[in-house]
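Visitor: generate a structure from the sequence data that follows.
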Amino acid sequence: MEFQVRLTCVQDVLDFVTLATSRPFPISVGDRHHRVNGKSFMEMFCLDYSAPITACLDCTREEFEAFRADAARFEVKGR
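Guide: Okay, the predicted model is just below:
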């Protein structure tokens, strides 16, 4: 399951990674060219943040909805 997010500054990336590492399931994040571990602060800086990126979660529907709610401030609406 996936949704689009926009991270606009280093603090956003740090906050997203902190949220991702609090979950027991895999989270990957990608732009048009790369897919990286969403729990790795260093890997996250390989992405192009000029456009929304895709967060992919390998989890149950309930876990997905809970993570999405916690990450709501990053979610790109209407895509």
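Visitor: centre of the chain versus the least confident helix or strand in the chain by mean pLDDT, how much separation?
Guide: In the chain, no helix or strand scores lower on mean pLDDT, DSSP states H and E than helix 41-44, which sits at a mean of 94. Chain-centre distance of helix 41-44: 11 Å, with C-alpha atoms, centre = their mean, to the nearest Å.
Visitor: what kind of secondary structure is the most centrally placed residue in the chain in?
Guide: The chain has A55 as the residue nearest its centroid, 4.0 Å off, counting by C-alpha atoms, centre = their mean. With DSSP: H, G, I helix; E, B strand; the rest coil as the basis, A55 sits in strand.
Visitor: who touches the top helix by length along the chain?
Guide: Determined from DSSP state H, the single longest helix within the chain is helix 10-21. Residues outside helix 10-21 that contact it (C-beta atoms under 8 Å, 6 or more residues apart in numbering): 5, 7, 27, 29, 38-41, 44-45, 67, 70-71, 74. Every C-beta, even on glycine, is put in place using the N, C-alpha and C of the backbone.
Visitor: closest to T60 out of the residues you listed?
Guide: Of all those, F67 has the smallest distance to T60: 10.5 Å, by C-beta to C-beta.
Visitor: how far out from the middle of the chain is the helix or strand harbouring the closest one?
Guide: Using DSSP states H and E, F67 falls within helix 61-70. Centre-to-centre, helix 61-70 and its host chain are 12 Å apart (C-alpha atoms, centre = their mean).
Visitor: with stretch 32-43 instead?
Guide: On C-alpha atoms, centre = their mean, the centre of stretch 32-43 falls 9 Å from the chain's centre.
Visitor: and if you look at stretch 53-72?
Guide: Offset of stretch 53-72 from its chain centre (C-alpha atoms, centre = their mean): 8 Å.
Visitor: what about that stretch, start to end distance?
Guide: Distance between the two ends of stretch 53-72: 14 Å, counting by C-alpha to C-alpha, to the nearest Å.
Visitor: any idea of the mean pLDDT in that stretch?
Guide: Across stretch 53-72, pLDDT averages out at 98.
Visitor: with stretch 26-37 instead?
Guide: Averaging pLDDT residue by residue across stretch 26-37 gives 95.
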